[in-house]
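the sequence and its predicted three-dimensional model are supplied below.
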Number of protein chains: 2
Amino acid sequence: MVDQLSRVFAALADPTRRDMVARLTEADHTVGDLAAPYDVSLQAVSKHLKVLEDAGLVTRTRQAQRRPVHLEAEVLDLMTKWIERHRRRAEERFAALDGVLAQMQDDEQPHPTQQEGTAS
Amino acid sequence: MVDQLSRVFAALADPTRRDMVARLTEADHTVGDLAAPYDVSLQAVSKHLKVLEDAGLVTRTRQAQRRPVHLEAEVLDLMTKWIERHRRRAEERFAALDGVLAQMQDDEQPHPTQQEGTAS
DNA sequence: GCTCTTGTCAACCAGGTGGTTGAGGAAGGT
DNA sequence: ACCTTCCTCAACCACCTGGTTGACAAGAGC
């Protein structure tokens, strides 16, 4: 069993599943409803839904013989948080590096020593 | 060939690769350097790096016999934008739904007609 | 010119993924 | 009761993935 974050990323790595999620942001849909635009069997769509469900992105409730699919958008926050946390760290480092480079230029050393500055 | 957004999501769907990205936010690393903490062969790490590179998350420059790996954090914005766009749409809909539900309660109809309201 | 270090490439393997078809379960309509 | 609609489960398939090992390319150091 893999962690949820991995499952969410993996679930959204497929264009068909991303499109389903996109459509589910606007309204709940039944399986057949969801499947209509895609040129694959209903069973294939059902499988995609299972992937989204295992990732926690979607819930299927029973309603007569229909199984309306509902988006659980909060799970997206898991990803946003991970991404933002690391993007911010990266940006801070790049900002710091820019500072160092600016400092180096200010010093105006006569022998620029092109490479070797990337260590930390 | 698949689109970049799919490749980025897929790249981050692996915990080892996410950890590499996390470490690369703090400093550039060589391949062997990156591989050290993981209990897999250097070749496996090299493969992970290739996945990250194909997704545009990372660049490898040549420096003597070493190949320092550098994070390209801007690509993360691709994902953030996709996620935020859809999360916002979903939230708007839920807010609208809450409004409808509140309205329904205010009206206090004797026959609530549970379903059928999901069309748009 | 050897040798050591660093990393990639190629071949292979087990297991997962996304698709198919066929069978069948669960509710509603008649 | 029976049929129809909506959907899932099971088996099968081709291909991808993440790991392995072995060979080898590219530079640095002697």
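Ah, there it is.

list, one by one, the residues from chain A near DNA strand C.
Contact residues (Cβ under 7 Å from any atom of the strand) of chain A with DNA strand C: A:10, A:13-14, A:16, A:39-41, A:43-44, A:47-48, A:51, A:62, A:64-65. C-betas here are computed from N, CA, C, even on glycine.

let's go with 10 Å and repeat that
Applying Cβ under 10 Å from any atom of the strand, one finds that chain A approaches DNA strand C through A:1-2, A:6-7, A:10-11, A:13-17, A:35, A:38-48, A:50-51, A:54, A:62-67.

now, which of these lie close to chain B?
Checking the residues of chain A next to DNA strand C against chain B by Cβ under 8 Å from any Cβ of the partner chain, the ones in range are A:Val2, A:Ser6, A:Arg7, A:Ala10, A:Ala13, A:Asp14, A:Pro15, A:Gln63.

quick one: the fourth one is in a helix?
Yes - following the definition DSSP: H, G, I helix; E, B strand; the rest coil, A:Ala10 is counted among the residues of a helix.

how much space between it and B:Leu12?
Computed with Cβ to Cβ, to the nearest Å, the distance linking A:Ala10 and B:Leu12 is 9 Å.

do the same with the fifth one
Distance of A:Ala13 to B:Leu12, computed by Cβ to Cβ: 9 Å.

who's more crowded, those two?
Using other Cβ atoms under 10 Å in any protein chain shown, the more surrounded residue of A:Ala13 and B:Leu12 is B:Leu12, with 28 against 20.

how close does that one sit to B:Ala44?
17 Å.

returning to what we had before: any quick ChimeraX command for the buried ones out of the residues of chain A next to DNA strand C?
Per 16 or more other Cβ atoms under 10 Å in any protein chain shown, the buried members of the residues of chain A next to DNA strand C correspond to this ChimeraX selection:
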select /A:6,7,10,11,13,14,17,35,45,48,51,54
